[in-house]
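Engineer: Provided below are the primary sequence and the corresponding predicted coordinates.
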Amino acid sequence: MTDAQTAADTSLPELDGPPSLTRLTFHGPLSEARADKLVERLAGTAPTTVLDLGCGWGELMLRVLAAAPGATGVGVDVRARDLERGRRLAVARGLARRVEFVEESAVGTPRGPADLVLCVGASHALSAAEPPAHLPEALRALRGLVSDRGRVLLGEGFWQRTPTPAELSGMWPGASTTHHHDLATLVDLAIEAGFRPEWIETASMDEWEEFESAYQADVEVWLAEHPDHPLAAETRERVDRHRARWLTYRGILGLVYLTLVPVVTR
């Protein structure tokens, strides 16, 4: 999940509020078609261990495990509700014995090395530094967490073009041109950290729009049906603010999926 996506949390307390994020399959701009290709490519490396950092409910990890019957997985996140959703999904798919969802910080994690490390929209979870200074440290951490001849899937935000001051003022608090790198610089940083980029692909506008719409859909429908609810005014302000932000960074903020191969040191 990118900084823009975490800038406004549209969820409400579970009691007396709308359902939260039920329209989302993946917690990011990822289509079914792209997910299928990623799973095929990553499972094709025959991983036996999968580590998902900032996993949320671990949808992509669960799909990899289903496609790689010999693999086991660990998902790490700090959001208990997402982790519980992941456990329910694992049970429903017959994967509960092959996956563990752990509530803990990924900073300095002792877990790994794993044959496949997933870090999609969660590089910030690997470093205490502020973006974008966190990225070299996060990439070094990922290199230490993946086994030789394994793979890392990194989902990372980047500027598709430099935003103007007016555009930055409409994004998340503190947004600046230094908050993200451009794509070429981001790939160079991955190489400097000890990787080669096997595959470079970026989320499409359709993927972004489907994600951002699904991110708020539950709450928008609830607001339409409960305009006078005691929580409605607060909720309406929150989702209107988030919508305004994503419509500002729409077409400016990108997300790249990098399939990274560690350079083997001898």
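Structural biologist: Thanks, I have the structure now.

Engineer: going by C-alpha atoms from here, please, whenever you check contacts or count neighbours.
Structural biologist: Fine.

Engineer: for Val50, helix, strand, or coil?
Structural biologist: strand (DSSP: H, G, I helix; E, B strand; the rest coil).

Engineer: give me the neighbour count for it.
Structural biologist: 27 (other CA atoms under 10 Å).

Engineer: that one contacts Gly70, correct?
Structural biologist: No. Contact criterion CA atoms under 8 Å: Val50 and Gly70 do not qualify, at 10.7 Å.

Engineer: buried residues in the longest strand anywhere in the chain?
Structural biologist: Counting residues, the longest strand in the chain under DSSP state E turns out to be strand 146-159. Neighbour-count burial for strand 146-159, counted by 16 or more other CA atoms under 10 Å, picks out 146-148, 150-159.

Engineer: lowest pLDDT pick from those?
Structural biologist: Note: of these, the lowest pLDDT belongs to Asp148, at 94.

Engineer: next up, the contacts around it.
Structural biologist: For Asp148, the contacting residues are 115, 262-264, by CA atoms under 8 Å, 6 or more residues apart in numbering.

Engineer: sort out for me which of those are in strands.
Structural biologist: 115, 262.

Engineer: and which of the contacts of Asp148 is nearest Leu139?
Structural biologist: For the contacts of Asp148, the residue nearest Leu139 by CA to CA is Pro262; the value is 10.8 Å.

Engineer: for the closest one, give its distance to Glu220.
Structural biologist: Between Pro262 and Glu220 the distance is 43 Å, computed by CA to CA, to the nearest Å.

Engineer: okay, the two: which has more neighbours?
Structural biologist: A direct count of neighbours by other CA under 10 Å for Pro262 and Glu220 places Pro262 higher, at 23 against 19.

Engineer: thinking again about what came up before, just the buried ones out of the contacts of Asp148, please.
Structural biologist: 115, 262.

Engineer: would you turn the contacts of Asp148 into JSON lines with pLDDT?
Structural biologist: Output for these, formatted as JSON lines (pLDDT from 0 to 100):
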{"residue": "Asp115", "pLDDT": "98"}
{"residue": "Pro262", "pLDDT": "98"}
{"residue": "Val263", "pLDDT": "97"}
{"residue": "Val264", "pLDDT": "92"}
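
Engineer: can you redo the contacts of Asp148 as TSV with distance to Leu30?
Structural biologist: What follows is those, written out as TSV (distance: CA to CA, whole Å):
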residue	distance to Leu30
Asp115	22
Pro262	24
Val263	27
Val264	30
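
Engineer: and which of the contacts of Asp148 is nearest Val91?
Structural biologist: Nearest to Val91 among these, with distances taken as CA to CA, is Asp115, at 23.4 Å.

Engineer: CA-only coordinates of the longest helix along the chain, as PDB, when you get a sec.
Structural biologist: Scanning the chain for the longest helix, with DSSP state H as the assignment, gives helix 205-225. Taking Å, rounded to 0.1, in the frame of the first residue of the first chain, the C-alpha atoms of helix 205-225 are listed here in PDB:
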ATOM      1  CA  MET A 205      -5.100   3.400 -15.000                       C
ATOM      2  CA  ASP A 206      -7.900   0.700 -15.000                       C
ATOM      3  CA  GLU A 207      -6.200  -1.000 -12.100                       C
ATOM      4  CA  TRP A 208      -5.800   2.200 -10.100                       C
ATOM      5  CA  GLU A 209      -9.400   3.200 -10.700                       C
ATOM      6  CA  GLU A 210     -10.800  -0.200  -9.700                       C
ATOM      7  CA  PHE A 211      -8.700  -0.200  -6.600                       C
ATOM      8  CA  GLU A 212      -9.500   3.300  -5.500                       C
ATOM      9  CA  SER A 213     -13.200   2.900  -6.200                       C
ATOM     10  CA  ALA A 214     -13.400  -0.400  -4.300                       C
ATOM     11  CA  TYR A 215     -11.400   1.100  -1.500                       C
ATOM     12  CA  GLN A 216     -14.300   3.500  -0.700                       C
ATOM     13  CA  ALA A 217     -17.300   1.800  -2.200                       C
ATOM     14  CA  ASP A 218     -18.600   0.200   1.100                       C
ATOM     15  CA  VAL A 219     -18.500   3.500   2.900                       C
ATOM     16  CA  GLU A 220     -20.000   5.500   0.000                       C
ATOM     17  CA  VAL A 221     -23.000   3.200  -0.200                       C
ATOM     18  CA  TRP A 222     -23.400   3.300   3.600                       C
ATOM     19  CA  LEU A 223     -23.300   7.100   3.500                       C
ATOM     20  CA  ALA A 224     -26.000   7.200   0.900                       C
ATOM     21  CA  GLU A 225     -28.200   4.900   3.000                       C
END
